[in-house]
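Asks: Need coordinates for the following:
(one chain, ligands or ions: 1)
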Amino acid sequence: MEGEEDIIGWFEQVSSEAALAQSRTLRKILQQNYGVEYLKKWVGDVNIHEIPDDFTLHSIFTSSIPLSSHAHFEPFLQRIADGDSSPLLTQQPITTLSLSSGTTEGRQKYVPFTPHSAQTTLLIFRLAAAYRSRDGGKILEFIYSSKQTKTKGGITTGTATTHYYASEEFKIKQLKTKSFTCSPQEVITGCDYKQSTYCHLLLGLLYSEEVEFVTSTFAYTIVQAFNQLEESWEEMIHDLSHATLSSRIDIPEIRKAVLKVMSPKPELGWKIRRVCEELMKEGWLGLIPKLWPNCKYVYSIMTGSMQPYLKKLRHYGGGLPLVSGDYGSTESWIGVNVDPYLPPENVTFAVIPTFSYFEFIPLFKQHATTSSADTAIHDFLEGQPIALSEVKIGQQYELVLTTFTGLYRCRLGDVVEVAGFHNKTPKLNFICRRKLVLTVNIDKNTEKDVQLAVERGSQLMSQLSGAELVDFTSYAELSNQPGHYVIFWELKGDVNDKVLGMCCSEMDAAFVDYGYVVSRKANSIGPLELRIVERGSFNKILEHYIGNGAALSQFKTPRCTTNHFLLNILNLSTLKSFFSTAYA
Ligand code: AMP
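Replies: Below is the predicted model of the structure:
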């Protein structure tokens, strides 16, 4: 597979025979890892090489190996981290462990990383690029590595993106491709996201005429980067004009690599200064096309918890197409955006049936019919897991993965909806992370429900004031009776208290979950509380995660949380609070 047509042709082929591709994938995974301790525990000495037909293989697999969650693999992963190289999860010893972002559960998890992980990353990037028909220009890429460290057992750990950027696969790609990121490797792997962002921007400006698109893994990072541009553009222009580098960049490797590619560009500096002065007057509207006149689109994950940043991205994008990035996790890549021209609100992901073996647990939203505390424990009713070829359009599922890296029937915790098919492979709509649920008693609101309510409140705020919602999260306050929802807002600009009170009531009324509505009417859930936090509070949350080893490339603000560190940061920076009034 070399060219774009080949890779699209390959995907057309595997997606046309998705069921067969899945059977082959399951067989390959089991053949590769036959006899490992985890599998032996469940299937004993059954020799899968002797099971000729796929149907029998599938039924032995699903009847002998239980559905699991990450917790089942933790003891094995800990043994690997401690240096046990016996075949625990895979026949090939695992020498690298990824750390998931930890933004769902507040705790980073070990996930195996193998050459297969890097190869599939490269493949999905190429496939997605082929669907977007790349032109071969430069890419302004806001990408970051965190530190790679060693466990006491000698295993390399770091985020999945860090391993990818350190992999041979990535280095070869960078060498081979004529069009590559504006920044040298030292900027990507610098391990200080503020210094790296400054340099990504500076070099992006240096190549301003050549940039074909602007990208990051998650949309949050682009917003974060352009915030920095708004603050530091004069310093950047000085550096650009004189081929100097701000003293804030103090990592010698980054300084050396950046200064190496710079030469004085006074004319370019002058031109960019004029554009920035104009942009400042217009609130940085259309920043991207004005500073990067040949930029064709912005490409990043804009779905799920990234959707709230769309407004700001559209502001910076000034009409440029926003192309939503693909769907994956530290455990495995899942689906590719084959319709890049669709707006992010409508994007779906076509499952790549050769990457992992996928199962789907049908989920049915429960309607609260009783006030029993039991009902609050289960957010959804579940059906039996089914194969990829059996999913139905319009149905929601939790994804279950069996990977080449040694996870077997592991629940991912993401809720997806089947929106249609690309040939015979399902196209998924990302709905939410299942664990992120706001609940006081019989109510259940997912992070998506919270997002929708906040959108209603912030729309009202935009109509009545010029302020902007920078970020938000929520939690269920249960320490007093009745419990109630708390939503934290960080704002840019001034809003009077009366308007904020109205926004608070608007959000309360926007939760349509039956359990919530009934409980609010009966006052078994109290009025919704809106807490306004200081500017920079959400940045402190980011710093907290990064301080714990997460990378900016992976960061996702959780839209509902019970994490004490996070709540502590927000509570300490709360400026004022409002309660909703008059629940209808
Ligand atoms: P991590 O926990 O760091 O492995 O991040 C993976 C998680 O990010 C996934 O399980 C999803 O919840 C979320 N995610 C990844 N890609 C997308 C996407 N395209 N749209 C929405 N959410 C995504």
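Asks: So for the lengthiest strand in the chain, mean pLDDT?
Replies: Across the chain, the longest stretch assigned as strand under DSSP state E is strand 410-422. For strand 410-422, the mean per-residue pLDDT is 96.
Asks: quick one: buried residues of that strand?
Replies: By neighbour count with 16 or more other Cβ atoms under 10 Å, strand 410-422 contains the buried residues 410, 411, 412, 413, 414, 415, 416, 417, 418, 421, 422. (Each C-beta comes from the backbone N, C-alpha and C, glycine too.)
Asks: Name the nearest residue to the residue in the chain positioned nearest to the ligand, ignoring sequence neighbours.
Replies: Closest contact between the chain and the ligand, by Cβ to the nearest ligand atom, is at residue 304 (2.8 Å). Leaving aside its sequence neighbours, residue 304 sits nearest to residue 430 (Cβ to Cβ, 6 or more residues apart in numbering; 4.8 Å).
Asks: my read: that neighbour touches residue 301, true?
Replies: No: the criterion here is Cβ atoms under 8 Å, and residue 430 misses it with residue 301 at 9.1 Å.
Asks: hmm, back to that, ok, how many other residues are close to the residue of the chain closest to the ligand?
Replies: 19 (other Cβ atoms under 10 Å).
Asks: Now do the same contact list for it.
Replies: Neighbour list for residue 304: 430, 432, 433, 447, 556 [criterion: Cβ atoms under 8 Å, 6 or more residues apart in numbering].
Asks: What about those residues, which are in strands?
Replies: Using DSSP E, those in strands are 430, 432, 433.
Asks: so which of those would you say is closest to residue 405?
Replies: residue 433 (21.0 Å; Cβ to Cβ).
Asks: Pretty sure that closest one sits against residue 451.
Replies: No: here residue 433 does not reach residue 451: they are 11.8 Å apart, not a contact under Cβ under 8 Å.
Asks: Quick check: neighbours shared by those two?
Replies: In contact with both residue 433 and residue 451: residue 305, using Cβ under 8 Å, 6+ apart.
Asks: Looking at those two, which one has more neighbours?
Replies: Neighbour count, other Cβ under 10 Å: between residue 433 and residue 451, residue 433 has more, with 23 against 19.
Asks: Which of the contacts of residue 304 ranks first by neighbour count?
Replies: Neighbour-wise, the contacts of residue 304 (other Cβ under 10 Å) top out at residue 447, 28 neighbours.
Asks: Geometric centre of the chain: which residue is closest?
Replies: residue 218 (5.4 Å; Cα atoms, centre = their mean).
Asks: separation between residue 408 and residue 139?
Replies: To residue 139, residue 408 is 37 Å away according to Cβ to Cβ, to the nearest Å.
Asks: Just give me the neighbour total for residue 52.
Replies: Neighbours of residue 52 (other Cβ under 10 Å): 7.
Asks: again, but for residue 339
Replies: Around residue 339 there are 16 residues (other Cβ under 10 Å).
Asks: Quick check: it touching residue 347?
Replies: Yes: if you go by Cβ under 8 Å, residue 339 and residue 347 touch, sitting 7.0 Å apart.
Asks: Mind listing residues that contact stretch 92-99?
Replies: Contacts for stretch 92-99 (Cβ under 8 Å, 6+ apart): 32, 77, 80-81, 85, 87, 108-114, 117, 146, 151, 155-160, 163, 330, 405-406, 549-550.
Asks: Sort out which residues of it are buried, please.
Replies: For stretch 92-99, a neighbour-count test (16+ other Cβ under 10 Å) marks 94, 96, 97, 98, 99 as buried.
Asks: Quick check: buried residues in the helix ranked longest in the chain?
Replies: Looking across the chain with DSSP state H, the single longest helix is helix 219-242. If you call a residue buried by 16+ other Cβ under 10 Å, then helix 219-242 has these buried ones: 219-229, 232-233, 235-237, 239-241.
Asks: right, and the helix or strand after that helix?
Replies: Next helix or strand after helix 219-242 toward the C-terminus (DSSP states H and E): helix 252-261.
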